[in-house]
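1. Build me a model:
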Amino acid sequence: MKAMTYYGAKDLAEAFRTVRNNTLIIADEIPEDKYSFRASPDTRTVAETLAHIALSPRLAYQIHGVEARTTFEGFDFPTFFGKMMAEAAEPRNKEQTLTLLRAEGDHQASWLEGLSDEFLGQQVSMPTGMTPPAKTRFEMLLSMKEHEMHHRSQLMLIQRIIGIKPHLTRNMEARMAAMQAAATAAKATV
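-> Numbers count the residues shown, from 1 in each chain. From the prediction side, this is the model:
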């Protein structure tokens, strides 16, 4: 008997799109003259963070989409990351950064939504010494979204530092105000 799946490839793709769309809003709201802002000397600038967010899902695509690896043994991480870091370091203006985020996000989401439950359930062995020794492709692909949300939270803090209230906060405040107004209106009609 096959186990019921509650969260499949289409859900994974939609969740990734949601996360990327929120990142795009933040990237658009930060003024281009703040793309060089760095919270501290040992951190990425806004532009570097956005390039990292845009390009880092390529690792998952290479491992799962291109090579369909069942083990990380033998994968040349230094070469892969060296190429990705060189591309991330290329100078881009704000519009080029937004274009890169959109293009890379569209590519990843389109690829994700076409994956089968069987493929997502396959185990991939981790490098020797890592715990756990294996993970499902699903768990590893889900981590792309988690990774982006981690960096997006950094960008949201930077927004606050430079005087911008993040859109997710503004949206939540608007929902709360609407609920309060509805509750007040309901009391007035009683």
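
2. For the residue nearest in space to the middle of the chain, list the residues it contacts.
-> By CA atoms, centre = their mean, the chain has its centre lying nearest to E148, at 2.8 Å. For E148, the contact set (CB atoms under 8 Å, 6 or more residues apart in numbering) comprises 19-20, 23, 53, 56-57. Just so you know, the C-beta spots here come from the backbone N, C-alpha and C atoms, and that holds for glycine as well.

3. which of those has the most neighbours?
-> Ranked by the number of neighbours (other CB atoms under 10 Å), these place I53 first, at 29 neighbours.

4. Would you check that that residue makes contact with T23?
-> Yes - in this structure I53 lies within contact range of T23 using CB atoms under 8 Å: 6.0 Å.

5. anything in contact with each of the two?
-> 101, 148, 152.

6. just to confirm, which helix or strand has the residue nearest to the last one when sequence neighbours are not counted in it?
-> Of all residues not flanking R152 in the chain, T23 sits nearest, at 5.2 Å (CB to CB, 6 or more residues apart in numbering). Element membership for T23 (DSSP states H and E) is helix 9-29.

7. Just the mean pLDDT for that helix, thanks.
-> Averaging pLDDT along helix 9-29 gives 97.

8. Flag every buried residue along that helix.
-> 9, 12-13, 15-17, 19-20, 22-24, 26-27 (16 or more other CB atoms under 10 Å).

9. Likewise for stretch 65-74?
-> Going by neighbour count (16+ other CB under 10 Å), the buried part of stretch 65-74 is 65, 72.

10. Then stretch 153-164?
-> Using 16+ other CB under 10 Å as the test for burial, stretch 153-164 gives 155-156, 158-159, 164.

11. Mind checking which of those land in helices?
-> Assigned to helices by DSSP state H, the following of the buried residues of stretch 153-164 qualify: 155-156, 158-159.

12. can you list these in JSON lines and add distance to Y35 and pLDDT?
-> Listed next are these as JSON lines, based on distance: CB to CB, whole Å; pLDDT from 0 to 100:
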{"residue": "L155", "distance to Y35": "11", "pLDDT": "98"}
{"residue": "M156", "distance to Y35": "15", "pLDDT": "98"}
{"residue": "I158", "distance to Y35": "10", "pLDDT": "98"}
{"residue": "Q159", "distance to Y35": "12", "pLDDT": "98"}
